[in-house]
Structures are given as C-alpha cells and as structure tokens.
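Visitor: how would this look folded up:
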Amino acid sequence: MKKWLIGWLFILLVSLTTFHVSAQSPNHNNLIYLYGSNSSNYKKQLERTNGHVGTVSPNYFNLSKDGQLIVGVDKEFVAYTKQKGYKITPFISNHWDQQIGIQAMKNGQKLADDLAAAVLRHDLDGVNVDIENLTYAERSLQTQFLKRLSDKLHPHGKTVSIAVAPARSDTTKGWVGSYDFEAIGKLVDTVVIMGYDQSYPNGPAGPVAGLSWVEESIQYLSKKIPKEKLILAVPFYGRYWSDKEKGMGIYYSQAMNLITRNNAKVEFDTVHRTLRSSFKDQTTGRTYEIWFDNAQTIQERIQLAETYGLRGWGAWHLGQEDTSLWTALTHQGPFIDIHHHWAKKDILAMNERNLIKGYQNRTYKPTNAISREEVATILTQTLKFDIKSDARFLDVAPTRWSYPFVSTISVYGMMKGYPDLTFRPDKPITRAELAAALARSFSVTPTTQAGDFRDITGHWASADILKLQLAGVLSGYPDKTFRPNQTVTRAEAAVMINRILQ
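Guide: Residues are numbered from 1 along each chain as shown. Sure, this is the predicted structure:
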C-alpha cells in the first residue's frame with residue numbers, strides 16, 4: 001500500500017470514527033455548581049453524572065466585608081478533577097450581600113488582579129463570577145472588572161465566565177440592571193443564565209423556573225450575547241411555602257419524602273411545565289405547597305439549550321436533583337441534542353445505517369450547516385463506491401481527511417468542483433448543490449404530477465430540484481419557495497438522503 005494511502009486512512013479513522021462517550025468523558029460545555037457540601041461528597045455526586053457535565057464550579061472564592069478576595073482552594077480536589085478530565089472554574093460570590101458586592105466593584109481592579117493571580121497559582125482552568133444583587137450604579141464598574149480579569153487571564157489560556165440574571169427585557173432597575181449584556185458578551189468566554197428563581201424567598205408561591213419564563217430569557221439574552229457563549233443553568237432544587245416559611249429551598253429527595261409521608265398527590269402544572277403538591281402535614285398540622293422538578297421536567301429545560309443552539313447547560317447545584325436524571329440522559333439515544341428535533345427520526349435512521357456521525361460530546365448539531373466534504377463522504381459511503389484517487393483539486397490535499405471521498409465522488413461525477421479547479425471542501429453546501437448531487441446519485445420515481453416551487457425558474461439546478469420534488473424527496477417552505485441558494489443544515493441533509501434510501 002502506498003505511504004500516502006496509509007496516511008489518509010489513519011487521518012480518516014481519526015476524523016470519522018463514531019465517538020462513544022463513556023462515563024469518564026465529561027462534556028466540558030455543561031457546567032455544574034458544587035456547593036453546600038465537601039469534596040468527598042462532590043466526588044460521589046460527580047460519579048453518577050455519567051459524563052454529562054464536565055466543567056465544575058465549586059465556591060473557592062469569597063469576599064470580605066470590604067470587598068477583598070478570600071481564597072479557599074482544595075488542592076486535592078483540583079488534582080482529582082484534572083485526573084478525571086473535568087475542567088474546574090471555581091466561582092466567586094458575595095452570596096447576595098449587596099454592600100459586599102458594591103465594595104468588591106469599587107475595589108474591582110485589585111480584585112481582578114488578586115483573582116487572576118489565584119487562578120494561575122492554583123492552576124485552575126478559569127473562574128466563574130457570581131457577584132449578584134448589584135445595581136445599575138455598578139454596571140460600568142462590573143464591566144471594567146470583567147475586562148481587567150479577562151485581560152489578565154486570557155493570555156494564559158484561562159477562561160472567564162459570569163453568571164447573570166435571567167433578564168427578559170432591557171431595564172436599569174433591580175439587579176438585572178447591573179449587567180451590560182452586550183459588553184459582557186464581548187469580554188468573557190461564557191455567560192451562565194441563572195434560569196431560576198422565578199418565585200423566590202418571601203414571595204408568592206409559584207414555579208422556580210416556568211418553562212416559558214426561562215425561554216423568554218433565552219430569547220432576550222441570545223440577542224445580546226452570542227448564543228455560542230450562553231449556558232442555561234437549570235434549578236436542581238424546588239421551593240416550598242408553609243405556614244411559617246415562604247419560598248425556602250428544598251431538595252428533590254426532601255420534597256418526595258414529605259409528599260410520600262403524607263400520601264399527597266403530585267400534580268403536573270401544564271402552564272409552567274413543572275410539578276406541584278399541596279397538602280397538610282399529618283404530623284405537624286402545617287400546610288405545604290411545594291413547586292419542584294423531576295428528571296422529566298428538568299430535561300425539558302435542558303432541551304431549551306439544545307433547541308436554541310446554546311453552548312450547553314448547567315445547574316445549581318449538584319446533589320439536590322432527582323438522580324434518575326443522569327440515567328435518563330444517558331439512555332436518550334446516540335445524540336443528546338435531537339430529543340425533540342423535527343428531524344430526529346431521519347437522523348437516527350441515518351446513524352443506524354452508519355452514514356452520519358456525531359461529535360465527541362454526543363451532539364449531532366442538527367442546525368449547523370453541512371459542508372461539501374461532509375456530503376461527499378456520506379454519498380461515497382452510501383453508494384459504496386470503490387475509493388478513487390484520480391481527482392485533483394487545488395484545495396484538497398491528499399493528506400486532508402476528506403480527500404478519498406471528495407476524489408471518489410467527483411470521479412464518479414456525482415459532485416463537481418468549480419471552474420477555478422477548487423472543490424471548496426469546508427464550504428457549506430447549498431440546497432441547489434445538494435439537490436444536484438442527489439439527483440445524479442440516485443434514481444427516483446415521481447409520485448406527483450407537478451412541482452410548485454416558484455423561485456427555481458431559470459436556476460442552473462432547476463431540473464434536478466424538480467426531479468426530486470416530484471419524487472417527494474424535497475420539501476419547500478410555506479411560501480412555496482425552495483430557496484436554492486440557502487445553505488443546508490445537518491438535519492436537512494439527513495432527511496433528504498434518508499427519504500431517498502427509504
């Protein structure tokens with residue numbers, strides 16, 4: 001076998017192998033807060049997450065009354081996280097104490113320097129800023145603090161993230177007004193949306209995080225901050241209201257113990273997509289109203305992160321949750337981001353045929369554009385062509401992972417290059433280009449008499465588009481357009497090819 005052939009076969013195996021993530025391969029895009037316990041318990045809690053979270057954020061940084069940094073890093077636990085493949089970005093907090101937070105921002109430049117020095121000294125992966133309950137008056141100071149911190153840490157490859165209020169509109173009022181979201185989005189690496197506390201201590205009874213309430217926050221913040229930087233943090237806790245206590249936090253296990261002990265009913269609130277239980281305690285005589293989430297309703301909130309294409313999801317905090325969540329997430333299929341996607345059936349069918357692959361973090365990224373070389377690979381494998389190495393494109397070197405597929409598919413004439421002798425392998429394929437490639441690759445039988453796309457007349461690929469439309473392979477849009485020059489998503493490609501194979 002020629003040396004170059006051995007070379008690209010090795011690259012191919014590395015590039016295209018379907019990755020099966022084990023329980024020891026943490027997903028770094030998902031962040032979990034560690035709080036209220038100790039390192040020994042944190043280790044036990046992390047073991048049951050099955051790799052679904054990979055960035056951990058313990059509370060190693062706090063503030064004195066005059067806004068000075070207090071450091072309390074567990075070096076042994078830091079070593080443990082690195083050994084297990086986690087990233088560790090401890091959070092700094094004022095624990096809702098407004099005056100301490102204000103002092104910290106007034107002391108922001110020194111605090112940033114001290115915090116950066118601590119991150120470097122302890123070889124942490126970064127820091128998560130969780131200084132809450134500030135006001136509009138501190139907005140500029142907070143932005144300056146984040147800039148200083150980012151300037152200090154980024155040259156060393158360390159990250160800066162910040163937890164922000166679940167804002168749903170522009171305002172200068174309350175603690176939501178303390179964030180300059182657009183400026184923050186440009187400065188930091190990750191922004192954690194605290195998607196909880198819709199109902200709060202000493203407030204009226206209600207959901208901790210109603211689904212539509214959370215979604216409104218995502219919709220607003222994704223207009224201010226690149227969605228690739230956003231993490232949606234969901235609540236692992238519930239809240240209860242009783243004769244004496246209003247809106248206090250409660251673990252899932254505690255809520256279920258109270259409910260089971262009193263033979264109380266759990267109702268599913270269809271408006272907020274969460275759980276609720278009201279009863280009178282048979283032992284104390286106190287009345288309770290508990291709002292909380294189980295594995296199923298938490299997954300609905302996690303799905304929002306996937307639906308909106310966010311960086312990932314997170315939670316406050318580990319140890320409070322319905323632990324069956326981790327099993328449910330593990331058994332939801334090969335891809336964690338298509339659970340409610342319209343193309344799920346076709347994506348799974350193509351995966352079962354071993355024709356499409358996901359990514360190492362068990363995502364498929366259905367809304368991402370699919371490239372020309374990815375389509376060349378899928379078609380070559382689908383058609384079971386013998387590999388050909390005769391084609392030459394200026395921008396596809398024999399060492400490129402896709403070279404054998406690009407070469408093969410072009411030799412057989414199913415995909416073509418450009419007049420300048422390039423293939424443009426990483427260019428997103430257009431709907432017209434994919435239609436032409438599919439029409440050349442497969443014989444299809446018309447199932448209808450007339451096409452109705454009103455925007456393909458005179459287009460170079462109109463005949464191919466019409467051919468596939470009449471065969472029921474292609475679908476257009478409600479306005480009867482095909483939009484031939486629009487790029488194709490990974491989900492759309494899976495659907496088109498699977499329809500032909502069926």
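
Visitor: show me where pLDDT drops low in the stretch 201-350 of the chain?
Guide: Along the stretch 201-350 of the chain, segments meeting pLDDT under 70 span 332.

Visitor: Repeat the analysis, applying 90 as the threshold.
Guide: Judged by pLDDT under 90, the stretch 201-350 of the chain has its weakly predicted residues at 303, 306-307, 309, 327-342.

Visitor: hey, where'd the strands end up in the stretch 251-400 of the chain?
Guide: Secondary structure of the stretch 251-400 of the chain (DSSP state E, counting those that start in this stretch): strands located at 267-269, 274-280, 287-292, 312-316.

Visitor: between the ones you listed, which gets nearest to His28?
Guide: Of all these, strand 312-316 sits nearest to His28, with 8.2 Å by C-beta to C-beta. All C-beta atoms are positioned from the backbone trio N, CA, C, and that covers glycine.

Visitor: Show me what the closest one is in contact with.
Guide: For strand 312-316, contacts defined as C-beta atoms under 8 Å, 6 or more residues apart in numbering pick out 27, 29-33, 35, 53, 55, 192, 194, 196, 231-237, 298, 301-302, 305, 321.

Visitor: highest average neighbour count across the strands of the stretch 251-400 of the chain?
Guide: Among these, ranked by average contacts under mean count of other C-beta atoms under 10 Å, first place goes to strand 312-316 (a mean of 26).

Visitor: Please state the offset of it from the chain centre?
Guide: Distance of strand 312-316 from the chain centroid (C-alpha atoms, centre = their mean, to the nearest Å) equals 9 Å.

Visitor: Give me the phi and psi for Val191.
Guide: phi -120, psi 120 (degrees, to the nearest 10).

Visitor: which one is the residue most central in space within the chain nearest to, not counting chain neighbours?
Guide: Nearest residue to the geometric centre of the chain (C-alpha atoms, centre = their mean): Gly312, 2.4 Å. Spatially, and ignoring its direct neighbours in sequence, Gly312 is nearest to Asn29 (3.3 Å; C-beta to C-beta, 6 or more residues apart in numbering).

Visitor: what about the strands of the stretch 251-400 of the chain, which gets the closest to Thr81?
Guide: strand 312-316 (15.7 Å).

Visitor: Each with direction, which strands does that closest one pair with?
Guide: The strands beside strand 312-316 in its sheet (DSSP bridges) come out as strand 31-34 (parallel), strand 230-235 (parallel).

Visitor: which residues are in contact with the shortest one?
Guide: Strand 31-34 is touched from outside by 42, 45-46, 49, 53, 55-59, 89, 91, 128, 161, 190, 192, 231, 233, 312, 314-318, with contacts defined as C-beta under 8 Å, 6+ apart.

Visitor: can we see that at 7 Å?
Guide: With contact meaning C-beta atoms under 7 Å, 6 or more residues apart in numbering, strand 31-34 is reached by 42, 53, 55-58, 91, 192, 231, 312, 314-318.

Visitor: And stretch 155-171, by the same measure?
Guide: For stretch 155-171, contacts defined as C-beta under 7 Å, 6+ apart pick out 89, 119-120, 125-130, 146, 149-150, 153, 175-177, 179, 184, 188-195, 214, 216-217, 220-221.
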